[in-house]
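1. build me a model:
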Amino acid sequence: MRPGALPISQIILLDLIAPPIAALLWQIMSRGWAGVIQLGNVSQETKRRQNLGFWIVLVLGYVVMFGITIYACLT
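-> Numbers count the residues shown, from 1 in each chain. Okay, here's the model as predicted:
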């Protein structure tokens, strides 16, 4: 690791905490935007798509965060 980088335990903790927070923020913002567009009455189809989107953002967040961590440890 480079000088000044976080210890590996803190990097892994960040890898575990950041993706759920980002996915939750995405869920809240997309639900709010859907409420504005649909005049406060969000349809079940929109909620289903947003739930699927939440899981996609969460999984991609974990893949990216751990990918960056592994790459940084190997170089």
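2. so where is this protein shaky, pLDDT-wise?
-> Scanning the chain for pLDDT under 70 picks out 1-3.
3. do a quick rundown of the helices in it.
-> Secondary structure of the chain (DSSP state H): helices at 8-37, 44-74.
4. turn the ones you listed into JSON lines, columns for mean neighbour count.
-> For every residue, glycine as well, the C-beta is placed using N, CA and C. Listed next are these as JSON lines, based on neighbours: other Cβ atoms under 10 Å:
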{"stretch": "helix 8-37", "mean neighbour count": "14"}
{"stretch": "helix 44-74", "mean neighbour count": "13"}
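5. could you find the closest non-adjacent residue to residue 26?
-> Spatially, and ignoring its direct neighbours in sequence, residue 26 is nearest to residue 57 (5.0 Å; Cβ to Cβ, 6 or more residues apart in numbering).
6. contact partners for that neighbour?
-> Going by Cβ atoms under 8 Å, 6 or more residues apart in numbering, residue 57 touches 19, 22-23, 26.
7. and if we set it to 7 Å?
-> Taking Cβ atoms under 7 Å, 6 or more residues apart in numbering as the contact definition, residue 57 lies against 22-23, 26.
8. now these in CSV, with distance to residue 33?
-> Formatted as CSV, the contacts of residue 57 follow (distance: Cβ to Cβ, whole Å):
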residue, distance to residue 33
22, 16
23, 16
26, 11
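9. for residue 40, give its distance to residue 33.
-> Using Cβ to Cβ, to the nearest Å, residue 40 is found at 12 Å from residue 33.
10. hang on, the earlier thing: specify which member of the contacts of residue 57 is nearest to residue 44.
-> Distance to residue 44 across the contacts of residue 57 (Cβ to Cβ) is lowest for residue 26, with 19.4 Å.
11. quick one, what contacts residue 23?
-> By Cβ under 7 Å, 6+ apart, the contact list for residue 23 reads 54, 57-58, 61.
12. quick check, nearest of the residues you listed to residue 44?
-> Distances from residue 44 to the contacts of residue 23, taken by Cβ to Cβ, are shortest for residue 54, at 15.4 Å.
13. wait, the closest one sits on residue 29?
-> No: using Cβ atoms under 7 Å, residue 54 is not in contact with residue 29, being 11.2 Å away.
14. ok, residue 15 to residue 28 distance?
-> 22 Å.
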